[in-house]
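*Asks:* Provided below for reference: sequence and predicted model.
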Amino acid sequence: MREIDRIIVHCAYTPADMDIGVAEIERWHKDRGWNQVGYHYVIRRDGTVERGRDEGVQGAHVRGHNHDSIGVCLVGGKPEFNFTWAQLTALRNLVYELQDRHPNITIHGHNEFDASKTCPTFNTRELFYA
């Protein structure tokens, strides 16, 4: 089993009226040449949490930081914060579940690792640590 130290939150950069899930994102990623969806979890607009990659498999969501992280993608975020309360509640619950299994895990936004990204369009640390 790989050591997991971080949760990295992403957004699909989709408009508020677009509800997609793992299947659609996996198609996008396969079109880019990947073998499967890069995220471990996708949170749909209604708060449904869908599993992507198995947690034991390295993700493909943050260059240079996939080996020790779990990638979570919220559907939405284009052009700015447009997530639902159901999504934020599901994110919080998923983070707590992951923290139970990985007590030292920390949470971050994709934009903390790549300054050219606005993803997930909010300050993840403020949401969880403020």
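*Replies:* Done, it's in. Please read all numbers here as calculations on a predicted model, not as lab measurements.
*Asks:* switch to C-alpha atoms for all contacts and neighbour counts from now on
*Replies:* Noted.
*Asks:* Show residues contacting the least confident helix or strand in the chain by mean pLDDT.
*Replies:* Taking mean pLDDT, DSSP states H and E as the measure, the chain has helix 124-129 as its least confident helix or strand, at a mean of 82. By CA atoms under 8 Å, 6 or more residues apart in numbering, the residues outside helix 124-129 that reach it are 9, 107-109.
*Asks:* residue contacts, the residue lying closest to residue 80 once chain neighbours are set aside?
*Replies:* Spatially, and ignoring its direct neighbours in sequence, residue 80 is nearest to residue 121 (5.8 Å; CA to CA, 6 or more residues apart in numbering). Applying CA under 8 Å, 6+ apart to residue 121 gives the contacts 11, 77, 80-81.
*Asks:* ditto for residue 86
*Replies:* 45-47.
*Asks:* Any chance of JSON lines for these, columns neighbour count, distance to residue 18 and pLDDT?
*Replies:* What follows is the contacts of residue 86, written out as JSON lines (neighbours: other CA atoms under 10 Å; distance: CA to CA, whole Å; pLDDT from 0 to 100):
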{"residue": "45", "neighbour count": "23", "distance to residue 18": "8", "pLDDT": "97"}
{"residue": "46", "neighbour count": "14", "distance to residue 18": "11", "pLDDT": "97"}
{"residue": "47", "neighbour count": "19", "distance to residue 18": "14", "pLDDT": "98"}
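*Asks:* Pick the one among these closest to residue 53.
*Replies:* Nearest to residue 53 out of those is residue 47 (CA to CA; 18.5 Å).
*Asks:* ok, back up a step: which of the contacts of residue 86 fall within helices?
*Replies:* Judged by DSSP state H, helices contain none of the contacts of residue 86.
*Asks:* Specify the local secondary structure of residue 50.
*Replies:* At residue 50, secondary structure determined by DSSP: H, G, I helix; E, B strand; the rest coil is strand.
*Asks:* Quick check: nearest residue in space to it, chain neighbours excluded?
*Replies:* Residue 50 sits nearest to residue 42 (CA to CA, 6+ apart), 5.2 Å away.
*Asks:* in the sheet, who's paired with the one you found?
*Replies:* Beta-bridge partners for residue 42, by DSSP bridges, are residue 50, residue 73.
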